[in-house]
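Asker: sequence plus predicted model, see below.
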Amino acid sequence: MTENDAGPILDRLLEAHVQHEMARMDHDALREDLERELGHALEAANSIRLNEVISADTVNAIIYRHTVEREMPPIIPEMAATFTQDVVGSQFHRDATPGDLMDRQRLEAFVDQVLLLREQRQKLIDRMLEQPVYKELVANLMYEAIVRYVYEENLLSRRVPGVSSALKFSSKVLNRAVSGLDDVWEKSIKGYISRNVEKLARHSADFLAEQLTDEEIKASVMDAWDTFSDRPLSELEQGLGEVEWSEFVVMGYDYWLAFRKSDYYRNAYETVVNQLFERYGDRTLGDLLNEFNIDQSTIMTELDAVLPRALEALKASGLLEGIVRRRLEGFYNSEAARAALDG
């Protein structure tokens, strides 16, 4: 067959083949094809192991490229911030209550788990009470208590005869009396407090450790929950002023940009990926799909949700036919096709 004869024939065959494929691209026919091929793929998955398809090093490299090396498009944090503000500003958010977000039983279970961290709780209390600001608070409270006791209880008048009538202080002049406290008394009181503040701070830590039992803490938390769990979020957010919730998204994004460069992040994802392949690398893809409760029915349900509109849009734009035509043109324009015509 001459070149002039073969060309038109191959063109007609190409066009016929394209139209045949496009006819199979209506919803029902395409779904039937996809379901059949999916069945074959899932059957083959029962004999293909994870390690045969991809390696841990490849997955780690993909994670590195897309979460560390690749710059995140600005639109992502912008969208997150905008949508956060949209949610917080919506009526359904204002009307919602903490009880709508978490039920009492789940909170109680969470509190029970936190209460198991007794050693960490004690360390936190110790660390807080070691802070200078706490010791200063204790010293100030002691000073005020001693001064008030001296004047309000008329301690001097009870011990010194004849002084009673001269020391009649009322609560209205208490502050004036305190400010006029004798220098000797003031130095004596402050000296006593300074010598004992460490001991008092330690006693307060011991007191808290003794009094803050699991039962007391849980009761306090649950009482607080019962108080505000049915109040709308709009009421609980009163007093927050000009807080822009989207700013928290921006701060989270800034933190992520720094954290993703850290050794901790790299070690974390590499540990997870390496352990994944250590434990499941010899398992078949079918086994892993079963572990995640993914089967043919699950996949087809999602395809049915997106296929109709997607298929219609791809056809209307001409993109689908273009893909099919470009795929087939390679063969019909090849020497192999012409040789087949020649027999």
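Answerer: Great, that's in hand.

Asker: ok now the helix or strand encompassing Ile62, how far from the chain's centre?
Answerer: Assigned by DSSP states H and E, Ile62 falls within helix 56-64. Offset of helix 56-64 from its chain centre (Cα atoms, centre = their mean, to the nearest Å): 23 Å.

Asker: immediately after that helix, which helix or strand?
Answerer: In N-to-C order, the element after helix 56-64 by DSSP H and E is helix 75-88.

Asker: what lies in contact with that next one?
Answerer: 93, 244-250, 253 (Cβ atoms under 8 Å, 6 or more residues apart in numbering). C-betas here are computed from N, CA, C, even on glycine.

Asker: mind redoing it with 6 Å?
Answerer: 93, 245-246, 249-250, 253 (Cβ atoms under 6 Å, 6 or more residues apart in numbering).

Asker: now the most centrally placed residue in the chain: how far from Gln85?
Answerer: Nearest to the mean C-alpha position of the chain, by Cα atoms, centre = their mean, lies Gly252 at 10.0 Å. Going from Gly252 to Gln85 by Cβ to Cβ, to the nearest Å gives 14 Å.

Asker: same check, this time on Met25
Answerer: According to Cβ to Cβ, Met25 stands 42 Å off from Gln85.

Asker: and what of Lys315?
Answerer: Separation of Lys315 from Gln85 (Cβ to Cβ) stands at 38 Å.

Asker: what's the answer for Asp342, then?
Answerer: On the measure of Cβ to Cβ, Asp342 and Gln85 end up 69 Å apart.

Asker: for those two, indicate the residue with more neighbours.
Answerer: The residue with more neighbours, out of Asp342 and Gln85, is Gln85; 15 against 9, by other Cβ atoms under 10 Å.

Asker: which strand or helix spans Glu215?
Answerer: Using DSSP H and E, Glu215 falls in helix 214-228.

Asker: put the alpha carbons of that helix into PDB.
Answerer: The C-alpha trace of helix 214-228 is given here as PDB (Å, rounded to 0.1, in the frame of the first residue of the first chain):
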ATOM      1  CA  ASP A 214      -7.500  14.000  92.000                       C
ATOM      2  CA  GLU A 215     -11.000  14.100  93.400                       C
ATOM      3  CA  GLU A 216     -10.800  17.800  94.200                       C
ATOM      4  CA  ILE A 217      -9.300  18.800  90.800                       C
ATOM      5  CA  LYS A 218     -11.800  16.700  88.900                       C
ATOM      6  CA  ALA A 219     -14.800  18.100  90.900                       C
ATOM      7  CA  SER A 220     -13.600  21.700  90.300                       C
ATOM      8  CA  VAL A 221     -13.100  21.100  86.500                       C
ATOM      9  CA  MET A 222     -16.500  19.500  86.100                       C
ATOM     10  CA  ASP A 223     -18.200  22.100  88.200                       C
ATOM     11  CA  ALA A 224     -16.700  24.800  86.000                       C
ATOM     12  CA  TRP A 225     -17.900  22.800  82.900                       C
ATOM     13  CA  ASP A 226     -21.400  22.600  84.300                       C
ATOM     14  CA  THR A 227     -21.400  26.300  84.800                       C
ATOM     15  CA  PHE A 228     -20.600  27.400  81.200                       C
END
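
Asker: and it, what does it pack against?
Answerer: helix 104-115 (3 or more Cβ pairs under 6 Å, 6 or more residues apart in numbering; DSSP states H and E).

Asker: report the buried residues of the helix it packs on.
Answerer: For helix 104-115, a neighbour-count test (16 or more other Cβ atoms under 10 Å) marks 107, 111 as buried.

Asker: which strands and helices lie in contact with that helix?
Answerer: Using 3+ Cβ pairs under 6 Å, 6+ apart: helix 104-115 touches helix 214-228.

Asker: what's in contact with the helix it packs on?
Answerer: Contacts of helix 214-228 (Cβ under 6 Å, 6+ apart): 107, 111, 115.

Asker: contacting residues for the second one?
Answerer: By Cβ under 6 Å, 6+ apart, the residues touching Val111 are 218, 221.
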